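Undergrad: Predicted model and sequence follow; I will ask about them next.
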Amino acid sequence: MNKQMDWTDVAAAIPFGIENTVSRGNLKRRLGLSDRTVRKYIEKARENGVIIINLQNSEGYFKADETDLNNIARQFNQNENRAMSILVQQKFLRRILAKAGRMDGKKAIVLEEEEDIGNRIADEIIEKCF
């Protein structure tokens with residue numbers, strides 16, 4: 001009986017060392033997984049403490065051990081920049097949603113489509129009446 005693939009299989013297929021970088025396309029082909037699944041499993045491996053580096057140079061992925069501090073620092077800075085970019089955008093999105101009364105603490109309120117249309121119509125009627 002074949003074992004179903006999981007994040008540990010993807011982590012095991014990524015070699016140690018920048019000189020052994022492997023592309024996501026190569027991982028997809030070797031493991032028979034979709035691109036989305038490979039990305040998901042890489043993220044899951046990272047969440048479980050596996051140090052997987054992608055220097056965003058179109059070369060791919062490699063694992064690093066705790067002695068590869070320069071590449072760990074590069075990955076750290078990349079992650080930090082990406083996170084800050086997202087947080088900056090969140091500020092503007094939050095402002096719009098708060099103005100519309102669509103924030104519940106730190107969570108945005110998502111309405112069903114019919115509910116959203118109904119609210120817009122109600123808002124238009126209220127505006128016309130007052």
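TA: Good, I have the coordinates.

Undergrad: what's the domain layout of the chain?
TA: According to automatic domain parsing, the chain comprises the domains 7-91, 100-130.

Undergrad: what's the most buried one of those domains?
TA: Mean neighbour count (mean count of other Cβ atoms under 10 Å) peaks for domain 7-91 among the domains of the chain, with a mean of 14. Heads up, the C-betas are built off the backbone N, CA and C, glycines and all.

Undergrad: Tell me which other helices or strands the lengthiest helix in the chain touches.
TA: Counting by DSSP state H, the longest helix found in the chain is helix 69-99. Applying 3 or more Cβ pairs under 8 Å, 6 or more residues apart in numbering; DSSP states H and E, we find helix 69-99 packed against strand 52-53, strand 107-108.

Undergrad: could I get those as a markdown table with distance to Ile42 and mean pLDDT?
TA: Shown next, in a markdown table, are these (distance: least, Cβ to Cβ, whole Å; pLDDT from 0 to 100):
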| stretch | distance to Ile42 | mean pLDDT |
| --- | --- | --- |
| strand 52-53 | 6 | 98 |
| strand 107-108 | 27 | 93 |
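
Undergrad: To Arg30, which of those strands lies closest?
TA: Nearest of the helices and strands packed on helix 69-99 to Arg30, taken as Cβ to Cβ: strand 52-53 at 15.8 Å.
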